[in-house]
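>>> the following comprises the amino acid sequence and a computationally predicted model.
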Amino acid sequence: MLQEGVHDAADAAPTDRHICVMGVSGSGKSTIASRLARRLDRSFCDADDLHPQANIDKMAAGTPLTDDDRRPWLDAVVAWCDEESAAGRSTVFACSALRRSYRELLGRADGGVVFVELAVPEEELRRRLESRTGHYMKVAMLTSQLETFENPGSDENAVTVDATGEIDETVSAAADAIARRGR
Ligand SMILES: Nc1ncnc2c1ncn2[C@@H]1O[C@H](COP(=O)(O)OP(=O)(O)OP(=O)(O)O)[C@@H](O)[C@H]1O
Ligand SMILES: O=C(O)[C@H](O)[C@@H](O)[C@H](O)[C@H](O)CO
């Protein structure tokens, strides 16, 4: 049987053109965003797939990216959103969007962007990254991710959801929070 929250989310589908599932490494962006896209029947992109190889190499070597490193990558994410908009499609994408300035840049995507921050305590992030295998982003990068992260302000088009529970619960909470914000 479906839970109450699942009905609520489905009954009030979000209307924003783009949904960015954001947060530091290990918060579950890729996991949650891909399922949310399926749930809402939207196009999906993992922004990690748009990083220039130089950025991947840098992160894999344990060096945090700079604003300059991230700029062309964020431009590529906006370009993808714009292409989807031009084709009449709404999207969900996973992107760390750590700083306010990055979110401002992403927010220029055609049709606008609502941000969903995945909130996970540091010890759980550490646990997840330590047990994740086969990914270039290692737990040693967590400190710099947390230092770089700027919480979305109340003036931003953003919602925050607890992302420590079951994956389906977080997906429902995200869909619900976006729909409520859109009302
Ligand atoms: N709700 C959850 N409960 C437990 N583990 C989870 C949950 N969501 C994701 N995970 C696990 O945590 C790890 C990190 O998840 P994921 O790769 O989706 O995060 P991410 O934010 O996209 O990370 P990165 O930015 O480094 O790519 C994965 O191994 C994933 O299986
Ligand atoms: O802004 C950043 O520092 C990067 O986007 C990272 O967040 C990585 O993309 C991701 O965590 C690795 O998978």
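Perfect, I can see it now. Numbers count the residues shown, from 1 in each chain. Ligands and ions are numbered 1, 2, ... in the order given.
>>> would you map the strands across the chain?
Along the chain, the segments classed as strands by DSSP state E run 18-22, 43-46, 91-94, 113-119, 158-162.
>>> now the third one: average pLDDT?
Averaged across strand 91-94, pLDDT comes to 98.
>>> which residues are in contact with it?
Contacts of strand 91-94 with the rest of the structure, by CB atoms under 8 Å, 6 or more residues apart in numbering, involve 17-22, 29-30, 32-34, 36-37, 40, 42-48, 77, 80-81, 84. Yep, even glycine has a C-beta here, placed from its N, CA and C like the rest.
>>> for the nearest residue to K29 once chain neighbours are set aside, give its distance to ligand 2.
Nearest non-adjacent residue to K29, counting by CB to CB, 6 or more residues apart in numbering: A94, 3.8 Å away. Using CB to the nearest ligand atom, to the nearest Å, we find A94 at a distance of 9 Å from ligand 2.
>>> number of nearby residues for A94?
29 (other CB atoms under 10 Å).
>>> show me what it is bridged to.
For A94, the beta-bridge partners are V21, D46 (DSSP bridges).
>>> pull the contacting residues for V139.
26, 126, 129-130.
>>> of the residues you listed, which is the nearest to ligand 2?
G26 (7.6 Å; CB to the nearest ligand atom).
>>> so that closest one touches P121, yeah?
No. Look at G26 against P121 with CB atoms under 8 Å: they stay out of range, at 10.9 Å.
>>> could you check the distance from the spatially closest residue to A47 that is not a sequence neighbour over to A174?
What sits nearest to A47 in space, not counting adjacent residues and going by CB to CB, 6+ apart, is C95, at 3.7 Å. Using CB to CB, to the nearest Å, we find C95 at a distance of 14 Å from A174.
>>> between these two, which has more neighbouring residues?
For C95 versus A174, the count of surrounding residues by other CB under 10 Å is larger for A174: 28 against 25.
>>> the more buried one reaches K29, doesn't it?
No. Using CB under 8 Å, A174 makes no contact with K29, being 10.9 Å away.
>>> show me what counts as buried in the longest helix seen in the chain.
Identified as the longest helix of the chain according to DSSP state H is helix 67-86. Burial within helix 67-86, assessed by neighbour count using 16 or more other CB atoms under 10 Å, is assigned to 69-70, 73-74, 76-78, 80-81, 84-85.
>>> which of those residues are close to ligand 2?
The subset of the buried residues of helix 67-86 within reach of ligand 2, by CB under 6 Å from any ligand atom, is R70.
>>> ok, back up a step: now do the shared contacts for A174 and K29.
V21.
>>> okay, buried residues for stretch 166-176 please.
For stretch 166-176, by 16+ other CB under 10 Å, it's 169-176.
>>> which of the helices and strands in this protein ranks last by mean pLDDT?
Within the chain, no helix or strand scores below helix 4-11, which has a mean of 41 by mean pLDDT, DSSP states H and E.
>>> so L118 sits against G26, correct?
No. Judged on CB under 8 Å, L118 makes no contact with G26 at a distance of 9.5 Å.
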